[in-house]
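>>> Any chance you could fold what I've pasted below:
(chains A and B)
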Protein chains: 2
Amino acid sequence: MTSERLTAVRQWMEAEGLDAMLVSAAPNVRWLTGFSGEGLLVIDSGALICTDSRYALQAGEEAPGIECVADGNHLEQAIVRLQAADHERIGFEAGAVTYANWQTLNERLDGALEPCPDRIKHLRAVKDEGEIELIERAATIADAAFTEWREALRPGITEREAAFELQRLMVLGGAEGASFEIIVASGPNGAKPHARPSERVIGESELVVVDWGAVVEGYCSDCTRTVLTGAPDDRQREVWEAVREAQRAALAEVRPGADCRKIDQIARDALREHDLAEYFGHGLGHGVGLQVHELPRLSQSSEDTLEAGMVVTIEPGVYIEGWAGVRLEELVLVTDDGSRVLTRAPYDLT
Amino acid sequence: MTSERLTAVRQWMEAEGLDAMLVSAAPNVRWLTGFSGEGLLVIDSGALICTDSRYALQAGEEAPGIECVADGNHLEQAIVRLQAADHERIGFEAGAVTYANWQTLNERLDGALEPCPDRIKHLRAVKDEGEIELIERAATIADAAFTEWREALRPGITEREAAFELQRLMVLGGAEGASFEIIVASGPNGAKPHARPSERVIGESELVVVDWGAVVEGYCSDCTRTVLTGAPDDRQREVWEAVREAQRAALAEVRPGADCRKIDQIARDALREHDLAEYFGHGLGHGVGLQVHELPRLSQSSEDTLEAGMVVTIEPGVYIEGWAGVRLEELVLVTDDGSRVLTRAPYDLT
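I've put the predicted structure just below:
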């Protein structure tokens, strides 16, 4: 599989007239080689992982067919390889190389460097069958853990305890870990979309935003539910139903060829019907894979178009300062003729 | 405290002739303002956090005295502020800004940009009393969790289960979480210094490298022990004792004014006495604070000198492919007249 991916990158390099490519972004290195440690990848007619002694054995196991040097400074090793070949045009990922490292590269490889957009990130957006299977396994583990966790959830424990318990259930279920720091945001804390679990004790009849995901062989899942510890009042139910409606409207539009900006707009329009659009401050969704946030983006500034094989989140939210928050998120596979939701956690408000 | 830190940065800016500084590295933003979300910081005669709606409330709570914009694109908001003031020299962290973002900045702030070394990272290397207290609290929680974990450790569980149990005990003890992915590397897996916990079942009479740390209010601890599930054979004991001896030799040299490269050399020399130096592939240690790896570095390529208030690890290791690994790590505060070890986890091999 990794050799097909390297071939795809070499085809792009050839079209761009690049003799070599320096790959710095860790998920790109992993996707192309299987190596998940720290290091750089040089692609030319061959491929070379540049790492250090901490990762030498791991690189051999994870990327058995790929040459590896582990002598120390990653950048220095890459430069030595690139200098030896006397390349005329060497691409690098402009969004993943620091200015300081660019200065070093530029001094040593004078004139040959070409800043490139992250083509590999774009290639990664469309998943193959093996990747979809891993994401789905992660989602299944996360769903099962949440279902058990939800049944046991009672007011009186802290957000941090609740978040940890959910993580524990995912790990017991076979996850490598959580795909990001789990969010359990109760009552007014729910108004912060990226709240960190705090020492706040979850109270009675409070909305609790729960955003969690599992990792399986490096691949992430991502899901959000908003639950209530008690019976909802009218406002809680009204906002929750409005968010669910916005999510359903957006989900119905997920298919190959769909414009990501328009899907975001549909969710926003649905919330506007309830005078809630102003409380939806973030984008509607994002791709998920080796990273929990990757391409495509679904937002008002997105120019992306959905393709079969993409896996994206659909996660409208309403965040009202001093009151609470509601976010509902599904992980969705774009199929040849529409979409398939990968997350199956229960949706009950109470 | 954050205002004193901003003052220190402004003094440095004045000495360098900088009218403004764009701070991109997340731990630097947090250290200077208290804000722990995603965003940028502009420092001029005032200070401005540039973030987005996800973090607007959090920024207000964590950095109450500091101006904040949360309108969307962080870089764009920073550029708007920097353009408005018509600065002649604007510093940026060359090691924390990507080439792509530098291109955007350079187009919009033509001629005013000055790449800078990470001065704030250097300032962060020397901790104040409040920071030392937090690191020590993290270490105390991590030690207590390990002590309990160690007593319960038996062959027959997987590395992953064992690592998660240690994390659970830290969270129950009051940690925000683990300061990095805990390493539990048993038998031959111990030969990988940065092994990830696997599904491998820990066997009888195996060396197990355990590297773990806690987080308290963003501050990290870091500690390693190598334990044995059974009675040691001669080789296991010999290597373990040699690493302990190397660690003791290095610890004895920790004091203000000490040369970091020389301390690393002392540990290496001690291992050489046992013909084990070739198996010690990484540096001896590193600073710890808001990041688990920060300045100073203790290695053969380091030019750093210890100062009172620095908190560093001393962690020699021996990694023998196909056999096992031994690493022992302490977290040490450099005091006015020497050092104080902050980690107190038990040291028994068996």
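>>> what does chain A have sitting close to chain B?
For chain A, the contact set with chain B under Cβ under 8 Å from any Cβ of the partner chain comprises A:36-38, A:52-58, A:92, A:94-103, A:115, A:160-161, A:164, A:168, A:171, A:176-177, A:181, A:191-196, A:281-282, A:319, A:321. All C-beta spots, glycine's among them, are computed from the backbone N, C-alpha and C.
>>> for the helix ranked longest in chain A, packing partners?
As assigned by DSSP state H, the longest helix anywhere in chain A is helix A:129-152. The contact analysis (3 or more Cβ pairs under 8 Å, 6 or more residues apart in numbering or on different chains; DSSP states H and E) places helix A:129-152 against helix A:159-172, strand A:207-212, strand A:214-216, strand A:219-220, strand A:223-228, strand A:330-335.
>>> mind redoing it with 10 Å?
Secondary-structure packing of helix A:129-152 (3 or more Cβ pairs under 10 Å, 6 or more residues apart in numbering or on different chains; DSSP states H and E): helix A:159-172, strand A:207-212, strand A:214-216, strand A:219-220, strand A:223-228, strand A:311-314, strand A:330-335, strand A:338-341.
>>> Pretty sure A:Ala214 is one of the things A:Gly173 touches, is it not?
Yes. Using Cβ atoms under 10 Å, A:Gly173 makes contact with A:Ala214 at a distance of 7.5 Å.
>>> These two - which one has more neighbours?
Shown here are A:Gly173 and A:Ala214; by other Cβ atoms under 10 Å in any protein chain shown, A:Ala214 has more neighbours (31 against 15).
>>> List the contacts of the more buried one.
Applying Cβ atoms under 10 Å, 6 or more residues apart in numbering or on different chains to A:Ala214 gives the contacts A:135, A:137-146, A:167, A:169-171, A:173-179, A:220-223.
>>> Make sure A:Val292 is actually in contact with A:Val312.
No. If you go by Cβ under 10 Å, A:Val292 and A:Val312 don't touch, sitting 11.9 Å apart.
>>> Give me the common contacts of those two.
A:Asp222, A:His286.
>>> Those two: who's more crowded?
A:Val312 (28 against 18).
>>> about what we covered before: and the longest helix of chain A, how far from the chain's centre?
Centre-to-centre, helix A:129-152 and its host chain are 15 Å apart (Cα atoms, centre = their mean, to the nearest Å).
>>> Stretch A:111-126 now?
With Cα atoms, centre = their mean, you get 18 Å for stretch A:111-126.
>>> and if you look at stretch A:301-317?
11 Å.
>>> Low-confidence ranges, the stretch 251-350 of chain A, go.
By pLDDT under 70, the stretch 251-350 of chain A has no low-scoring segment.
>>> let me fix that: chain A
Those would be A:1, if you go by pLDDT under 70 across chain A.
>>> in it, which residue is closest to the centre?
Nearest to the geometric centre of chain A sits A:Val292, at 1.7 Å (Cα atoms, centre = their mean).
>>> Can you report phi and psi for it?
phi -80, psi -20 (degrees, to the nearest 10).
>>> and it, what is it in contact with?
A:Ala178, A:Ser179, A:Phe180, A:Gly213, A:Val215, A:Tyr219, A:Cys220, A:Ser221, A:Asp222, A:His286, A:Thr313.
>>> circling back: would you mind getting the angle between the longest helix of chain A and strand A:223-228?
10 degrees (axes from the mean of the first three to the mean of the last three Cα atoms, to 10 degrees).
>>> Helix A:129-152 versus strand A:207-212: what angle between them?
150 degrees.
>>> Using PDB, list the CA coordinates for helix A:129-152.
The C-alpha coordinates for helix A:129-152 follow below in PDB (Å, rounded to 0.1, in the frame of the first residue of the first chain):
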ATOM      1  CA  GLU A 129     -10.400   0.500   2.000                       C
ATOM      2  CA  GLY A 130      -7.900  -0.400   4.700                       C
ATOM      3  CA  GLU A 131      -7.900   3.100   6.100                       C
ATOM      4  CA  ILE A 132     -11.700   3.200   6.100                       C
ATOM      5  CA  GLU A 133     -11.700  -0.100   8.000                       C
ATOM      6  CA  LEU A 134      -9.400   1.300  10.700                       C
ATOM      7  CA  ILE A 135     -11.400   4.500  11.100                       C
ATOM      8  CA  GLU A 136     -14.600   2.400  11.400                       C
ATOM      9  CA  ARG A 137     -13.000   0.100  14.000                       C
ATOM     10  CA  ALA A 138     -12.000   3.200  15.900                       C
ATOM     11  CA  ALA A 139     -15.600   4.600  15.700                       C
ATOM     12  CA  THR A 140     -17.000   1.300  16.800                       C
ATOM     13  CA  ILE A 141     -14.800   1.100  19.900                       C
ATOM     14  CA  ALA A 142     -15.600   4.700  20.700                       C
ATOM     15  CA  ASP A 143     -19.400   4.200  20.300                       C
ATOM     16  CA  ALA A 144     -19.400   1.100  22.500                       C
ATOM     17  CA  ALA A 145     -17.400   2.900  25.200                       C
ATOM     18  CA  PHE A 146     -19.800   5.900  25.100                       C
ATOM     19  CA  THR A 147     -22.900   3.700  25.300                       C
ATOM     20  CA  GLU A 148     -21.600   2.100  28.500                       C
ATOM     21  CA  TRP A 149     -20.400   5.400  29.800                       C
ATOM     22  CA  ARG A 150     -23.700   7.100  29.100                       C
ATOM     23  CA  GLU A 151     -25.700   4.600  31.000                       C
ATOM     24  CA  ALA A 152     -23.500   5.100  34.100                       C
END
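>>> Quick check: buried residues in it?
Buried residues in helix A:129-152, counted by 16 or more other Cβ atoms under 10 Å in any protein chain shown: A:131-132, A:134-146, A:149-150.
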